[in-house]
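Chemist: Give me the fold of what follows.
(2 chains)
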Amino acid sequence: SAVISQKPSRDICQRGTSLTIQCQVDSQVTMMFWYRQQPGQSLTLIATANQGSEATYESGFVIDKFPISRPNLTFSTLTVSNMSPEDSSIYLCSDYRGAFFGQGTRLTVV
Amino acid sequence: QKEVEQNSGPLSVPEGAIASLNCTYSDRGSQSFFWYRQYSGKSPELIMFIYSNGDKEDGRFTAQLNKASQYVSLLIRDSQPSDSATYLCAVNAQGGKLIFGQGTELSVKP
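Modeler: Numbering: from 1, shown residues only, chains lettered A, B, ... in the order given. Model (predicted):
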């Protein structure tokens, strides 16, 4: 099984600010995925992060709001920009190879 | 029609009984099917995956797949109170991403 480390595990942020979430995988993977889980809801895919190319965003998610970096095959970041209370969610990264998730980042925007 | 559908529950079963969780999907081209368990405040934990029609057993868990009916289920035998959680069904889609159902809340009563 893959080991996926995600940080921070939680944060409380002021509206209008940005937060960058980091995701580290213990081995090289071609694709990494970023999901959002709003309170009481299931997981919704934000984007697919491929190394060496721009991320692919799902309908309803845009790069200006959720910029993603993928500098190498073991690491990715997701930034939640210009946050509002509606962005309060759990954000999760995943390695599809093993369908495993990081421990998640619980974000609260006040 | 949602791409992946689950009964939201809650599903309540007595301790020691068999819990049956169901999931239907819309994309006939889907090849891989996953079941996750998610405790409150935690990230999803992979229970098992299935690719082929029929049954796949792992301990107390059995996944059943019927591609003709576009149906996948999870059976939990000898249910325990520690099995109380939300169970998420996920189906692979184009590009390797996973599409999640809304989850079924299971409650096992002592």
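Chemist: Residue B:42: neighbour count?
Modeler: 14 (other CB atoms under 10 Å in any protein chain shown). For glycine as for every other residue, the C-beta is placed from the backbone atoms N, C-alpha and C.
Chemist: Repeat that for residue A:11.
Modeler: 14.
Chemist: Chain B against chain A: which residues are in contact?
Modeler: Residues of chain B lying close to chain A by CB under 8 Å from any CB of the partner chain are B:34, B:41-46, B:49, B:88, B:90, B:92, B:95-103.
Chemist: quick one, what contacts residue B:26?
Modeler: For residue B:26, the contact set (CB atoms under 8 Å, 6 or more residues apart in numbering or on different chains) comprises B:1-4, B:70.
Chemist: Repeat that for residue B:41.
Modeler: residue A:106.
Chemist: Which strands or helices does the lowest-mean-pLDDT helix or strand in chain B pack on?
Modeler: Within chain B, no helix or strand scores below strand B:98-100, which has a mean of 91 by mean pLDDT, DSSP states H and E. Judged by 3 or more CB pairs under 8 Å, 6 or more residues apart in numbering or on different chains; DSSP states H and E, the packing partners of strand B:98-100 are strand A:43-50, strand B:85-92.
Chemist: just the angle between the last one and strand A:43-50, please?
Modeler: Calculated by axes from the mean of the first three to the mean of the last three CA atoms, to 10 degrees, strand B:85-92 forms an angle of 40 degrees with strand A:43-50.
Chemist: strands paired with strand B:85-92, and their directions?
Modeler: strand B:33-38 (antiparallel), strand B:98-100 (antiparallel), strand B:104-109 (antiparallel) (DSSP bridges).
Chemist: quick one: contacts for the closest residue to residue B:51 other than its chain neighbours?
Modeler: Distance criterion CB to CB, 6 or more residues apart in numbering or on different chains; nearest residue to residue B:51, sequence neighbours excluded, is residue B:32 at 5.6 Å. By CB under 8 Å, 6+ apart, the contact set of residue B:32 is B:49-51, B:91-92.
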